[in-house]
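Visitor: Following is a predicted model, sequence given first.
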Amino acid sequence: MPYAGGLVPLRRASVDTDQIIASEWLKRVSRTGYGEGLFGQWREDPSFVLNDPAYAGGSVLVAGPSFGCGSSREHAVWALDDYGFRVVIAPSFADIFRGNAAKVGLLTVVLPEDVVTALQDAAPASATVDLDARTVTCGDVVASFEIDDFTRTRLVEGLDDIGLTLRHEADIAAYEARTAHRAKS
Amino acid sequence: MRTLFEKVWDAHVVRSAPGEPDLLYVDLHLVHEVTSPQAFDGLRLAGRGVRRPDLTLAVEDHNVPTTDGPVTDPVSLAQLEALRKNCAEFGIKLYARGSDGQGIVHVVAPEQGRTQPGMTIVCGDSHTSTHGAFGALAFGIGTTEVEHVLATQTLPVSRPKSMAVEVVGDLADDVTAKDLALAVVAALGTGGGAGHVIEYRGDAVRGLSMEGRMTLCNMSIEAGARAGMVAPDETTYAYLRGRPHAPSGREAEWSSLVTDDGASFDTTVTVDAASVRPFVTWGTNPAQAVPVSGVVPDGDPHALAYMGLTPGTAMRDVAVDAVFVGSCTNARLSDLRAAASVLRGRHVADGVRALVVPGSMLVKAQAEAEGLDVVFRDAGFEWRSAGCSMCLGMNPDVLAPGERCASTSNRNFEGRQGPGGRTHLVSPPVAAATAVLGRFATPADLS
């Protein structure tokens, strides 16, 4: 089932997870309520895109390359999700951020820089993201993206990764038996 | 013909299936107070336990105060108490604040001999790459993955690509592993290492001490790499000998943990050691560095505006308000010695606030046994207890808005050391010289 949401342009490169959610918010012990802290420092600037009513309600963030670099804090994904973003489109992502996003159910889409710019220019128009066709569509812009079946299935079905791994508990036990000679610390 | 990375990876694959990530076994899972509470809650919600508490080690480091006395911030205290409760409930060894073994997770595990060649090590912290200095495959993970490792001692991971960073030639006497790390990050950019595990190679890397190798591997993540590794050698074995948790008699096995002649890397990057100078960052990501002798470049306007810098300004003319010697990058004994050797007989410039935060209580005790605490105090530095401290501003050690800091840490992101704070990454000797002059300086500028 394709997802449609308003585009929100974030025209910055190397947006690090400290910007997405500042360390002050990391003292909490819950998984919810981080949306308020999303891009906290930048939101103090009245001209920041999230303060612009034209983009209110947008749920597809379109950012520059190397999005989510830096700290491994999953709180960055929780903040984007809690704020209402469902998809982040960028020319490239940091590995840990992208892995965290997949676990939480936030879709990350890699598209070429010129397509990303075209989508930023099209904002606040709505874009349609189709996980089956693996396309992003916005007006005249139709772009294909890659996502492996494993990640796609998890996003669509919301599977419990731990439960899946525990189906292979016998393999884990066998590995432990096989390597028991390694003196552990 | 396999690379070091491939050997360690292959030895830990529990299960492999077409179209799926490999299921990788984890030899050592490091846990801290900030990225674990939601993971333990998840276990409880699902009625699951910790599969291998004996392979799990917890520390309190990110938000602990580094001054004496109780934790006064109730939110930080609640997080520390959650970790203590979780460790007690699940039988996990914890180095709590106030214990002799306490400190920054990436300082404590190596110094206790927990970090060993050929291991897989994960932690809910991106600077887990530090442990690759021992020829371990070590990488940061998110909280959902922390829960996965607690429950299963494994992690599904798609196999990264391999990258060789060949450091050619010799490093000059006046540069450190930190300067080499900044050179590598500048060469790759913040995303250049994405999808890769780096192996650092070349005589200059072989010539680094274990602590220098940890500094280098620590900053692999700043180039976007999953992990950084250095093949173990006699330097590694000598470091490990006699450490409380290090096994003996494993050298023959460990010596096979090298990249075979003829094995190929997916990507190779060459760094000229002669180009490495004492560096200082000018911008808001760690790839934005220039020599201390250089000028502010005509770079990203947003970064320049945030940092309050004008292109063309000599870095030596930029004044600082604060100096921080600490973090998992540069708070080991050799780092403290390097800073102290510059400060001996000198004093911090008027108006500069300077603090040194040892990486662990063991480092602190060793430094005090050598009298380094006296050198720092006499020079006008605050001498603190162990923690992450001003590296990320989660404890009371933060910059005020607009304050400029020379920091031996790893990230100069906007607000990293406190909202509005301006961070410049440097080595311990440059931090010390900068503290003395109140402007960016190298030790050579003091003579």
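Guide: Received the coordinates, thanks.
Visitor: any idea how far residue A:19 lies from chain B?
Guide: Here the distance between residue A:19 and chain B works out to 6 Å (CB to the nearest CB, to the nearest Å). In this view, the C-beta of every residue, glycine as well, is placed from N, C-alpha and C.
Visitor: I'd like to know the predicted local confidence at that residue, please.
Guide: Note for residue A:19: predicted pLDDT of 98.
Visitor: quick check, it in a helix?
Guide: Yes: assessed by DSSP: H, G, I helix; E, B strand; the rest coil, residue A:19 belongs to a helix.
Visitor: who's in contact with it?
Guide: A:39, A:41, A:42, B:413, B:414, B:415 (CB atoms under 8 Å, 6 or more residues apart in numbering or on different chains).
Visitor: Can you report how many residues lie near the last one?
Guide: Same thing as residue B:415. The local packing of residue B:415 (other CB atoms under 10 Å in any protein chain shown) involves 25 other residues.
Visitor: same question, the first one
Guide: A count of nearby residues for residue A:39, using other CB under 10 Å, gives 22.
Visitor: follow-up on the earlier one: for the contacts of residue A:19, which one is nearest residue A:73?
Guide: Sorting those by how near they are to residue A:73, with CB to CB, puts residue B:413 at the top with 12.0 Å.
Visitor: count of neighbours near the closest residue to residue A:12 other than its chain neighbours?
Guide: The shortest distance from residue A:12 to any non-neighbouring residue, by CB to CB, 6 or more residues apart in numbering or on different chains, is to residue A:64 (5.2 Å). Number of residues near residue A:64 (other CB under 10 Å) recorded here: 19.
Visitor: Now do the same for residue A:64: its pLDDT.
Guide: For residue A:64, the pLDDT comes out at 98.
Visitor: Just the ones in strands from the contacts of residue A:19, please.
Guide: With strands identified by DSSP state E, none of the entries of those belong to them.
Visitor: Include pLDDT and distance to residue B:288 when you put these into JSON lines, please.
Guide: Supplementary listing: the contacts of residue A:19 in JSON lines, determined by pLDDT from 0 to 100; distance: CB to CB, whole Å:
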{"residue": "A:39", "pLDDT": "98", "distance to residue B:288": "21"}
{"residue": "A:41", "pLDDT": "96", "distance to residue B:288": "18"}
{"residue": "A:42", "pLDDT": "97", "distance to residue B:288": "19"}
{"residue": "B:413", "pLDDT": "98", "distance to residue B:288": "11"}
{"residue": "B:414", "pLDDT": "97", "distance to residue B:288": "12"}
{"residue": "B:415", "pLDDT": "97", "distance to residue B:288": "16"}
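Visitor: Just the closest of those to residue B:111, please.
Guide: Out of these, the one with the shortest distance to residue B:111 is residue B:413. That distance is 27.6 Å, counting by CB to CB.
Visitor: so who does residue B:161 touch?
Guide: By CB under 8 Å, 6+ apart, residue B:161 lies in contact with B:195, B:196, B:197, B:266, B:267.
Visitor: Skipping its backbone neighbours, what lies nearest it in space?
Guide: Spatial nearest neighbour of residue B:161, chain neighbours left out: residue B:266 (3.9 Å); criterion: CB to CB, 6+ apart.
Visitor: circling back to that earlier point, surely the residue nearest to residue A:12 and residue A:88 touch.
Guide: No: contact status for residue A:64 versus residue A:88: not in contact, 11.2 Å apart, counting by CB atoms under 8 Å.
Visitor: hmm, back to that, ok, the contacts of residue A:19 vs residue B:128, which is closest?
Guide: Residue B:128 has its nearest neighbour among those in residue B:413, at 18.4 Å by CB to CB.
Visitor: now the closest one: how far from residue B:419?
Guide: Separation of residue B:413 from residue B:419 (CB to CB, to the nearest Å) stands at 12 Å.
Visitor: These two: which has the busier surroundings?
Guide: Of the pair residue B:413 and residue B:419, residue B:413 is the one with more neighbours under other CB under 10 Å, namely 25 against 17.
Visitor: excluding its backbone neighbours, what's nearest the more buried one?
Guide: In space, and not counting its chain neighbours, residue B:413 is closest to residue A:18: 4.3 Å by CB to CB, 6+ apart.
Visitor: I'd guessed that neighbour sits against residue B:416; true?
Guide: Yes: taking CB under 8 Å as the contact criterion, residue A:18 and residue B:416 are neighbours in contact, 5.5 Å apart.
Visitor: Spit out the residues that contact the two alike.
Guide: Common neighbours of residue A:18 and residue B:416 (CB under 8 Å, 6+ apart) are residue B:392.
Visitor: More neighbours: those two, which one.
Guide: residue B:416 (29 against 23).
Visitor: if I pick the residue nearest to residue B:413, what's in contact with it?
Guide: By CB under 8 Å, 6+ apart, the residues touching residue A:18 are A:70, A:71, B:392, B:411, B:413, B:414, B:415, B:416.
Visitor: Let me have those in JSON lines, adding distance to residue A:31 as columns.
Guide: Written out in JSON lines, the entries for the contacts of residue A:18 read as follows (distance: CB to CB, whole Å):
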{"residue": "A:70", "distance to residue A:31": "20"}
{"residue": "A:71", "distance to residue A:31": "17"}
{"residue": "B:392", "distance to residue A:31": "20"}
{"residue": "B:411", "distance to residue A:31": "24"}
{"residue": "B:413", "distance to residue A:31": "23"}
{"residue": "B:414", "distance to residue A:31": "25"}
{"residue": "B:415", "distance to residue A:31": "23"}
{"residue": "B:416", "distance to residue A:31": "24"}
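Visitor: Between those, which sits nearest residue B:62?
Guide: Of all the contacts of residue A:18, residue B:62 sits closest to residue B:392, with 7.0 Å by CB to CB.
Visitor: so who does the closest one touch?
Guide: The neighbours of residue B:392, taking CB under 8 Å, 6+ apart as the test, are A:18, A:23, A:71, B:62, B:409, B:411, B:416, B:417.
Visitor: rerun that using 7 Å as the cut-off
Guide: Contact criterion CB atoms under 7 Å, 6 or more residues apart in numbering or on different chains gives A:23, B:62, B:416 as the residues in contact with residue B:392.
Visitor: distance of residue B:11 from residue B:22?
Guide: Between residue B:11 and residue B:22 the distance is 12 Å, computed by CB to CB.
Visitor: Name the residue in the two with the higher neighbour count.
Guide: Set side by side, residue B:11 and residue B:22 show more neighbours around residue B:22, with 19 against 16, by other CB under 10 Å.
Visitor: Do you know the pLDDT at the more buried one?
Guide: In this model, residue B:22 is scored at 98, pLDDT.
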